[in-house]
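> Below are the sequence and a predicted model for it; my questions follow.
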2 protein chains.
Amino acid sequence: MSSPVDELRSLLPDGAVLTEPADVEGYRRDRADDRSAPAPLAVVRAESTEHVQIALRWATRHRVPVVPRGAGTGLSGGASAVDGGIVVTTERMRGISIDAPTRMAVVQPGLLNAEVKAAVAELGLWYPPDPASFEICSIGGNVATNAGGLCCVKYGVTADYVLGLEVVLADGRAIRLGGPRLKDVAGLSLSKLFIGSEGTLGIITEVTLRLLPAPPPAKTVVGWFDSTAAAAAAIMQVVSAIRPSMLEYMDRTSINAVEDSLHLGLDRKAAALLVARSDSLDPSDDEIRTILEAFVDNGATSAFEAPEATGERYVHARRVVIPAMEEKGHLLLEDVGVGARQFADLIAGVERISAARGVPIAFIAHAGDGNTHPLIAFDPDDPEESARAYLAYGEIMDLALELGGTITGEHGVGRLKRPWLVKQIGEDALDLSWRIKQAIDPDNILNPGSIFAPIKETP
Amino acid sequence: MSSPVDELRSLLPDGAVLTEPADVEGYRRDRADDRSAPAPLAVVRAESTEHVQIALRWATRHRVPVVPRGAGTGLSGGASAVDGGIVVTTERMRGISIDAPTRMAVVQPGLLNAEVKAAVAELGLWYPPDPASFEICSIGGNVATNAGGLCCVKYGVTADYVLGLEVVLADGRAIRLGGPRLKDVAGLSLSKLFIGSEGTLGIITEVTLRLLPAPPPAKTVVGWFDSTAAAAAAIMQVVSAIRPSMLEYMDRTSINAVEDSLHLGLDRKAAALLVARSDSLDPSDDEIRTILEAFVDNGATSAFEAPEATGERYVHARRVVIPAMEEKGHLLLEDVGVGARQFADLIAGVERISAARGVPIAFIAHAGDGNTHPLIAFDPDDPEESARAYLAYGEIMDLALELGGTITGEHGVGRLKRPWLVKQIGEDALDLSWRIKQAIDPDNILNPGSIFAPIKETP
């Protein structure tokens, strides 16, 4: 007698459906590394929209939950496998076609962010969104989470560059939303609704991106501070005066982790480091002066415009904080956001939480838009320490909400942050979201447990 | 015995509910001037979110359709009154509070676009979206239609500046979506879904806007052409090289209408006029040179950088085309969009339609993003000519769709363009949209007939 999984295998080409424990193991968890995630029933490695349709029709027929997966680099557990479910990965859908004169690209979801950037750069074009993980995350995952990055403070997030999508719904229908049109208000903005829906409404099988001309050259300003409050005040002064093209924050723990790993000669005793960039073409260099003044006015112990190579080194230092911290142990990555006025209070509050819970927390931030990443270090094999780390994780979200902020600026709600969502958006907005989810995926096939509670009746 | 309208009047302050025929007449139609629109049962002039809630609770109780209305300047009939329905206008909700250091404003929907611009400009800030009607259209209507304008080619549309909304649902619940957070991916992007939903999902009662620093000064380049094809080729060359801050197109009919009205000394014999702007701060003035070269390379009869006052005059000429044409007669305003490659084909096709239907059609465009406004002139008192004008209106949308474009770039679907929507987005996307509409407004109280068909069962 043939099982549903046998049937699924028969519907797709050889090698497209993995079921061996050793083969599916790599698709159990995303980078949130949720140890409770079960092995998936099967993994479908789709090579086309049609494969995704076949998998979803099968899943709907058999009421099998489907976890959509890009590159598996998500940090909120949105691609953790679920009990009795399959994983559909788009990692093999890697096509791109670029129309340089109209600055648009049609991209399949499995292409990595860095590959999109490189392909369009060859034609003198620029795809701005730049998650710190841009070398390993996929464009499909970027769209599904509305990913951000370092450039957002001036250049916006993924949603700002998506003109159209092809998505496959739970019932297997493939539909096109939006398209290669710069201005288009025909009907409800469905493409915007699907962006950031974390695989709960459909599986993205194609993305139409708008691109920019090649980026202008950027200059880098570095500021060292002996107090986090001084750095926070400098941030406020910069962002209220100009829009830098980058404004990144590292605290002492982050600085030391990077220094341990890379030996760049960073100041281990500093309380905070700010790395700002301006790509203004204004010949008077007003922005560079404005940033330098903001740093000095707020008591920077050192502030200087860095020569190009030095500037690159500082930006690189900021980009490698997470891997450098991971060398030291297991991390729980936060992603809370607050307004510039609340930045200092968030830093102070996280320090209090770290001390109270007895877990080290490094603090980095896309400071220009208030999006912060407290990194909680703990030993996952120590249940008691793990529990304290997860308590701190929740308390940081509670703190961000008290400060009028968000529980997630760019990583998504996934499974890890779901219990906090209602505190941020409220019962009514969650109810509205759930009604929309039910209208699009009535059997709750798609990514159950992400954003919404796993049981259909209780969102 | 008291009628439902008496009940409504008793629930709201004196003067908030209009029912006299002379009083409600001004709320029957929007600027699409649909002569078949009936007089509304009543008009609620809300002064607060609570008033909107009272009106919607009453409407749901009595199953009375509600047409939300901003300033009534819509061009697609989205605010035309409906049989047995009421109009809820937010024109009296006109508050604004601005937080200059974080560049955000919280605005009530009745404030005009120009008033928002002026209020933030006083603090050295800029709200970019600039519909040609910016002096008479409201910010609530701008959000409800995701309005565009002349700046979009570089600075985007209304949606790009909305961080959060307060909306009242059909059942009277007021909910907050998004908020004053620059990056926020907590849950489904409901605020983006409500933007551009044309009053079919809820009534917008508050908008949180993000602002930019004051705009850089812009330089203007003017190009005159003796063929529309040459102008179209010049547009393609400009947009494939740079992002101008404005790139506007006027055809001979538009030029002559403005000249008749304003006597600016425009060249009445020219086939097309392009008005481009660059606000680049690059000292080498590359963009101005690029635009001039594109104009000359494609055979401009005259191309020059205009001194500031002259540049302003040309931009003003472009802005007043619609009123200048309205001096000549009744207009049906198109809003179709195509890619830069299809621009010349659209112009040629509209000329053919004009000749075949025997109705004059002026052609203006936000050429930089392919958003065009063919203006169809006709005598509304001549039923036969009116019929030909409406046929041309539909044929232009069909043509735009054949060219891979959109039936509406910035005005919205409203009631006038509804029959064409399915041709653009397809049955599946329309079905999906309708399921979302039903999930949010199950009784189809809100703006029935706009975007979706008026009868609940047949979208």
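The structure has been received and is ready for your questions.

> from here on, contacts and neighbour counts on C-alpha atoms
Noted.

> mind listing what's buried in stretch A:401-409?
The neighbour-count check on stretch A:401-409 (16 or more other C-alpha atoms under 10 Å in any protein chain shown) flags A:Leu401, A:Leu403, A:Gly404, A:Gly405, A:Thr406, A:Ile407, A:Thr408, A:Gly409 as buried.

> what helix or strand is the last one on?
In this structure, A:Gly409 is located outside every helix and strand according to DSSP states H and E.

> same thing with the first one?
Assigned by DSSP H and E, A:Leu401 belongs to helix A:383-402.

> Around A:His62, count how many other residues there are.
Residues near A:His62, counting by other C-alpha atoms under 10 Å in any protein chain shown, number 12.

> ugh, typo on my part, it should be A:Ile98
A total of 20 residues lie near A:Ile98 under the criterion other C-alpha under 10 Å.

> Could I get the contacting residues of it?
Neighbouring residues of A:Ile98 by C-alpha atoms under 8 Å, 6 or more residues apart in numbering or on different chains: A:Met104, A:Ala105, A:Val106, A:Val120.

> can you put the residues you listed in JSON lines and add pLDDT and secondary structure?
Listed next are the contacts of A:Ile98 as JSON lines, based on pLDDT from 0 to 100; DSSP: H, G, I helix; E, B strand; the rest coil:
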{"residue": "A:Met104", "pLDDT": "98", "secondary structure": "strand"}
{"residue": "A:Ala105", "pLDDT": "98", "secondary structure": "strand"}
{"residue": "A:Val106", "pLDDT": "98", "secondary structure": "strand"}
{"residue": "A:Val120", "pLDDT": "98", "secondary structure": "helix"}
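
> Of the residues you listed, which is the nearest to B:Thr19?
The shortest approach to B:Thr19 among these belongs to A:Met104, at 51.6 Å (C-alpha to C-alpha).

> pLDDT at the nearest residue to the closest one once chain neighbours are set aside, what is it?
Distance criterion C-alpha to C-alpha, 6 or more residues apart in numbering or on different chains; nearest residue to A:Met104, sequence neighbours excluded, is A:Arg210 at 4.6 Å. The model reports A:Arg210 with a pLDDT of 97.

> can you check A:Leu331 too?
On pLDDT, A:Leu331 comes in at 94.

> and it, which of the three is it?
What DSSP: H, G, I helix; E, B strand; the rest coil gives for A:Leu331 is strand.

> quick revisit: in the helix or strand just after the helix holding A:Leu401, what counts as buried?
Scanning forward in sequence from helix A:383-402 by DSSP H and E, the next helix or strand is helix A:418-440. For helix A:418-440, burial by neighbour count (16+ other C-alpha under 10 Å) applies to A:418, A:420-422, A:424-425, A:429-440.

> follow-up on the earlier one: test my guess that the residue nearest to A:Met104 contacts A:Leu165.
No - counting by C-alpha atoms under 8 Å, A:Arg210 does not reach A:Leu165; the two are 12.0 Å apart.

> For chain A, give me the ranges with low pLDDT.
Scanning chain A for pLDDT under 70 picks out the ranges A:1, A:455-459.

> Quick one: residues contacting the most centrally placed residue in it.
By C-alpha atoms, centre = their mean, the mean C-alpha position of chain A lies nearest to A:His411, the distance being 3.4 Å. For A:His411, the contacting residues are A:Gly74, A:Leu75, A:Ser76, A:Thr145, A:Ala147, A:Asp335, B:Val185, by C-alpha under 8 Å, 6+ apart.

> Let me know the secondary structure of A:Arg35.
With three-state DSSP as the criterion, A:Arg35 reads coil.

> ok, now the one 3 residues further on?
Using three-state DSSP, the secondary structure recorded for A:Pro38 is coil.

> got the contact list for it?
A:Pro38 makes contacts with A:Arg28, A:Ala81, A:Val82, A:Asp83, as judged by C-alpha under 8 Å, 6+ apart.

> gap between the helix or strand where A:Arg352 lies and the chain center?
Taking DSSP H and E as the definition, A:Arg352 sits inside helix A:343-357. Here the centre of helix A:343-357 is set off from its chain's centre by 23 Å, with C-alpha atoms, centre = their mean, to the nearest Å.
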